[in-house]
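> predicted coordinates and the sequence they were generated for:
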Amino acid sequence: MNKLAVVAFGGNALLRCDQKGTIDEQEANAYITSNQLLTLIKKDYDLVITHGNGPQVGNILLANSAGAILHGLPDMPIDVSVAYSQGFIGYVIEQQLRNVLNVNNINRDIITVVTQVLVDKDDPAFKNPTKPVGPFYSSEEAERIASETNSVFKADPRGRGFRKVVASPQPLSVFNIKTIEKLARAHEIVIAVGGGGIPVFEVDENKFQGTNAVIDKDLASALLAVGINADEFYILTDVPKACLYYNTLQPTSIDRMSVKEARQYIEEGHFADGSMRPKVKAAVYFTTQTGRDSLITCAELLGSDNEGTRITKS
């Protein structure tokens with residue numbers, strides 16, 4: 001049986017903070033990131049790709065608001081915007097990965113599964129939004145938009161400005177997880193749980209409804225990876241390694257940390273909400289549940305000796 005890997009693309013896989021977000025930019029970024037997956041694909045891994053959607057879903061929400069104000073179009077809730085982003089990001093990754101495979105004479109089907117994820121409607125995250133979405137703003141712009149729209153903004157931990165934040169409840173279960181695993185084990189490349197999945201909750205018994213939230217894609221990806229019994233779990237980000245004392249004069253890169261050490265660093269506040277903290281928590285969850293290592297790294301280091309930050313059981 002082939003090894004099964006879950007690879008969580010960071011938001012910069014499609015859209016970087018210094019870009020406007022044109023489709024040309026996003027396709028070019030997706031091609032570069034897809035090309036870096038060849039290390040795993042050429043080793044004949046079964047593969048599930050997940051992805052973030054913070055910049056894209058924020059832009060969709062802005063477009064929705066503009067359409068409502070200028071043209072009287074109905075404003076769509078966040079769960080529908082997440083579904084929009086899943087569809088178009090899945091399309092972009094699927095197309096660019098296929099282009100990479102074609103160049104390398106590799107014949108594999110690629111399938112995007114628009115995925116719902118169950119959350120608790122009473123999750124405390126709804127009272128404390130932490131998930132950044134959309135573009136960066138100056139403090140003055142953020143203050144103005146917040147007063148006009150009743151939105152919440154928080155400073156970016158890396159000093160790049162202010163971003164709107166929304167609720168990010170804990171993912172509880174992934175819909176259609178058996179089908180996702182079956183497709184992946186059949187050697188199809190599956191794109192699933194995009195943007196952390198479309199957040200839904202149970203209104204009544206056997207009745208589901210969407211809710212205004214964006215689930216953290218790393219936590220949802222870890223839940224998926226455990227559920228399909230993945231052999232390896234990779235979290236790709238735009239920095240090569242997790243760091244202690246990040247954004248100070250003496251940041252310290254972490255090559256390796258145990259689950260116990262990772263939990264200690266989380267408690268000590270070394271990792272920021274909406275940034276490295278959920279990535280470390282996701283890696284801890286996967287490693288705790290499976291006993292297998294997790295890896296936080298950038299796409300450029302996949303398969304290299306300097307591989308990133310490895311999280312181990314002990």
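The structure has been received and is ready for your questions.

> now do the contacts for the closest residue to residue 231 other than its chain neighbours.
Distance criterion Cβ to Cβ, 6 or more residues apart in numbering; nearest residue to residue 231, sequence neighbours excluded, is residue 3 at 4.4 Å. In short, each C-beta sits where N, CA and C put it, glycine included. Applying Cβ atoms under 8 Å, 6 or more residues apart in numbering, we find residue 3 in contact with 43, 45-46, 231-232.

> kindly provide the distance from residue 68 to residue 74.
Relative to residue 74, residue 68 is positioned 7 Å away (Cβ to Cβ, to the nearest Å).

> any chance of JSON lines for the contacts of residue 3, columns pLDDT, distance to residue 98 and secondary structure?
Putting the contacts of residue 3 into JSON lines (pLDDT from 0 to 100; distance: Cβ to Cβ, whole Å; DSSP: H, G, I helix; E, B strand; the rest coil) gives the following:
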{"residue": "43", "pLDDT": "93", "distance to residue 98": "19", "secondary structure": "coil"}
{"residue": "45", "pLDDT": "96", "distance to residue 98": "17", "secondary structure": "coil"}
{"residue": "46", "pLDDT": "97", "distance to residue 98": "17", "secondary structure": "strand"}
{"residue": "231", "pLDDT": "97", "distance to residue 98": "24", "secondary structure": "coil"}
{"residue": "232", "pLDDT": "96", "distance to residue 98": "23", "secondary structure": "strand"}
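
> between residue 68 and residue 74, who's got more neighbours?
Ranked by neighbour count (other Cβ atoms under 10 Å), residue 68 and residue 74 place residue 68 first, with 13 against 7.

> pLDDT score assigned to the more buried one?
Note on residue 68: pLDDT of 71.

> which helix or strand contains residue 69?
Here residue 69 sits within helix 54-71, counting by DSSP states H and E.

> quick revisit: out of the contacts of residue 3, who's the most crowded?
Within the contacts of residue 3, most neighbours by other Cβ under 10 Å means residue 46, with 24 neighbours.

> which residues touch it?
In this structure, residue 46 makes contact with 2-5, 184-185, 187, judged by Cβ under 8 Å, 6+ apart.

> what residues are bridge-paired with it?
For residue 46, the beta-bridge partners are residue 4 (DSSP bridges).

> quick check: the gap between it and residue 62.
Using Cβ to Cβ, residue 46 is found at 37 Å from residue 62.

> same question, residue 171
Distance of residue 171 to residue 62, computed by Cβ to Cβ: 25 Å.

> farthest-separated two in the contacts of residue 3?
With distances taken as Cβ to Cβ, the most widely separated pair in the contacts of residue 3 is 43 and 231, at 11.6 Å.

> what strand or helix carries residue 163?
In the assignment (DSSP H and E), residue 163 maps to strand 162-166.

> direction included, what does that strand pair against?
Note on strand 162-166: by DSSP bridges, its sheet partners are strand 131-137 (antiparallel), strand 152-155 (antiparallel).

> just the CA coordinates of it, formatted as PDB?
Extracted as PDB, the C-alpha positions of strand 162-166 are listed here (Å, rounded to 0.1, in the frame of the first residue of the first chain):
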ATOM      1  CA  PHE A 162      -4.500  45.100  10.600                       C
ATOM      2  CA  ARG A 163      -6.900  42.500   9.300                       C
ATOM      3  CA  LYS A 164     -10.500  41.700   9.800                       C
ATOM      4  CA  VAL A 165     -11.000  38.700  12.100                       C
ATOM      5  CA  VAL A 166     -14.000  36.400  12.300                       C
END
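
> what's stretch 115-128 in contact with?
The contact list for stretch 115-128 (Cβ under 8 Å, 6+ apart) reads 86, 167-176, 180, 192-194, 196-202, 208, 211, 213, 215, 220, 223.

> can you rerun that using 7 Å?
Around stretch 115-128, the neighbours that count as contacts under Cβ atoms under 7 Å, 6 or more residues apart in numbering are 167-176, 192-194, 196-201, 211, 213, 215, 220.

> next: stretch 20-38.
In contact with stretch 20-38 (Cβ under 7 Å, 6+ apart) are residues 7, 9, 13-16, 19, 55, 59, 92-93, 96-97, 99-100, 104, 299-300, 302.

> beyond the worst-scoring helix or strand of the chain on mean pLDDT, next helix or strand please.
Least confident element among the helices and strands of the chain, by mean pLDDT, DSSP states H and E: helix 54-71 (a mean of 79). Sequence order places helix 78-103 as the next helix or strand after helix 54-71, per DSSP H and E.

> okay then, goodbye and thanks.
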